[in-house]
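Enquirer: curious how this folds, go ahead:
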Amino acid sequence: MSFITVKHINKTFKVPLKSGGIISTIKSFFHREYRYINAIQDISFSIKKGDIVGYIGPNGAGKSTTIKILAGILVPDSGEVIIDKMVPWKDRKKYVSKIGAVFGQRSQLWWDIPAIDTFNLLKDIYKLDEEEYQKTLNELIKLLDLKDIINIPVRQLSLGSRMRLEIAASLIHKPKILFLDEPTIGLDAISKKQVREFIKKINKQNKVTVILTTHDMADIEALAKRIILIGKGKKLYDGSLKNLKQKYDYLRKIKVQTNDKVKLKKNYIYSAKKVDDGIEYLIDVRKVEINEFIKLISSKMTISDIDIDNENIDELIVKLYEDYQI
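Expert: Coordinates of the predicted model:
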């Protein structure tokens, strides 16, 4: 049974055209011209409770508009959204107590005071039971390693520390749904790993449904088994990351360490370039098996070492964009 159901939602924005010159500016006071932007067009999908879904696309694709509709901030022009048996913009007061949100470039923490003061304020806003609040707070402090930073003014903390506190603030009322918008933006490698591990943990332990929007494909690989790709307001792909890789992950980078200079012309060799200690091939594994290619080059040159590497998820997404001419 679907926890989130989105059916045929559309949203168009009416934007006034900017006038150039004094005469045009004066005319615009009496007769303003507009253009219409179709932010999202006929978007439909469903998500089960406890799933982590990556909602991705290039800038201007319609990701933020969709998330704002799901969060109850915007109302679609048409279509239907049902989340946990509620319509986000109609049942807003009840609904907001069920959701949490983390926006990488926006903060819900008070800048000049310790985060614990913000948490206490959120306890009053959500009317949380004191005992339950303390239990949840202690769990978050332990899981996110907040003990040494929770009593320090937020402005004095590193970006990684602030992001861990942002996530804690969004979960203090134990929401059923968590919207994550660029949750690891600007973080160092260690902080990114901590945030990803925690998201996986609360998803597994508390069955929190997570919708993740990000440009960091490492976040997608680490967290989401399913992705929904949109471009120019339309849904382009909805499926598993595994299937996406099967469809687009057909190039293999094979670095051959050799002193020989051999030119190979085969239809499955996508590219071949000279590197410091040998040759780097990019081959199409739909046309040749890796062991067959290695057998071929071994017969043509003396090889001291071979390194085989897959394409990363960024390159796969670029191919997907190209397929749909985004």
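Enquirer: all helices of the chain, in order?
Expert: 22-30, 63-70, 92-95, 115-125, 130-143, 159-171, 189-206, 217-223, 241-248, 290-300, 313-323 (DSSP state H).
Enquirer: okay, angle between the fifth one and helix 189-206 too, please.
Expert: In terms of direction (axes from the mean of the first three to the mean of the last three C-alpha atoms, to 10 degrees), helix 130-143 departs from helix 189-206 by 140 degrees.
Enquirer: can you check the pLDDT for the spatially closest residue to residue 78 that is not a sequence neighbour?
Expert: In space, residue 78 comes closest to residue 10 once its chain neighbours are excluded; the distance is 4.9 Å by C-beta to C-beta, 6 or more residues apart in numbering. From N, CA and C alone the C-beta is placed, and that goes for glycine too. Residue 10 carries a pLDDT score of 97 in this model.
Enquirer: ok now do residue 10, which residues does it touch?
Expert: For residue 10, the contact set (C-beta atoms under 8 Å, 6 or more residues apart in numbering) comprises 38, 40, 41, 42, 43, 76, 77, 78, 79.
Enquirer: picking that back up, redo the helices of the chain as JSON lines? Include mean pLDDT, mean neighbour count and distance to residue 261.
Expert: What follows is the helices of the chain, written out as JSON lines (pLDDT from 0 to 100; neighbours: other C-beta atoms under 10 Å; distance: least, C-beta to C-beta, whole Å):
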{"stretch": "helix 22-30", "mean pLDDT": "61", "mean neighbour count": "10", "distance to residue 261": "65"}
{"stretch": "helix 63-70", "mean pLDDT": "93", "mean neighbour count": "22", "distance to residue 261": "48"}
{"stretch": "helix 92-95", "mean pLDDT": "91", "mean neighbour count": "12", "distance to residue 261": "67"}
{"stretch": "helix 115-125", "mean pLDDT": "95", "mean neighbour count": "17", "distance to residue 261": "61"}
{"stretch": "helix 130-143", "mean pLDDT": "93", "mean neighbour count": "15", "distance to residue 261": "56"}
{"stretch": "helix 159-171", "mean pLDDT": "89", "mean neighbour count": "22", "distance to residue 261": "48"}
{"stretch": "helix 189-206", "mean pLDDT": "87", "mean neighbour count": "16", "distance to residue 261": "39"}
{"stretch": "helix 217-223", "mean pLDDT": "87", "mean neighbour count": "20", "distance to residue 261": "36"}
{"stretch": "helix 241-248", "mean pLDDT": "78", "mean neighbour count": "15", "distance to residue 261": "32"}
{"stretch": "helix 290-300", "mean pLDDT": "91", "mean neighbour count": "13", "distance to residue 261": "11"}
{"stretch": "helix 313-323", "mean pLDDT": "70", "mean neighbour count": "16", "distance to residue 261": "28"}
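Enquirer: between these, which one is nearest to residue 49?
Expert: Residue 49 lies closest to helix 189-206 among the helices of the chain, at 10.8 Å (C-beta to C-beta).
Enquirer: and that closest one with helix 159-171, angle?
Expert: 20 degrees.
Enquirer: just to revisit the earlier point, distance to residue 15 added to the helices of the chain, as a markdown table?
Expert: Listed next are the helices of the chain as a markdown table, based on distance: least, C-beta to C-beta, whole Å:
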| stretch | distance to residue 15 |
| --- | --- |
| helix 22-30 | 13 |
| helix 63-70 | 13 |
| helix 92-95 | 26 |
| helix 115-125 | 34 |
| helix 130-143 | 41 |
| helix 159-171 | 31 |
| helix 189-206 | 35 |
| helix 217-223 | 31 |
| helix 241-248 | 34 |
| helix 290-300 | 52 |
| helix 313-323 | 25 |
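Enquirer: how far away is the closest residue in space to residue 45 that isn't next to it in sequence from residue 42?
Expert: Closest residue to residue 45 apart from its sequence neighbours, by C-beta to C-beta, 6+ apart: residue 6 at 5.3 Å. Look at residue 6 and residue 42: by C-beta to C-beta, to the nearest Å, they are 11 Å apart.
Enquirer: find residues that contact each of those two.
Expert: What both residue 6 and residue 42 touch, as defined by C-beta under 8 Å, 6+ apart, is the set residue 79.
Enquirer: tell me which of the two has more neighbours.
Expert: Ranked by neighbour count (other C-beta atoms under 10 Å), residue 6 and residue 42 place residue 6 first, with 23 against 14.
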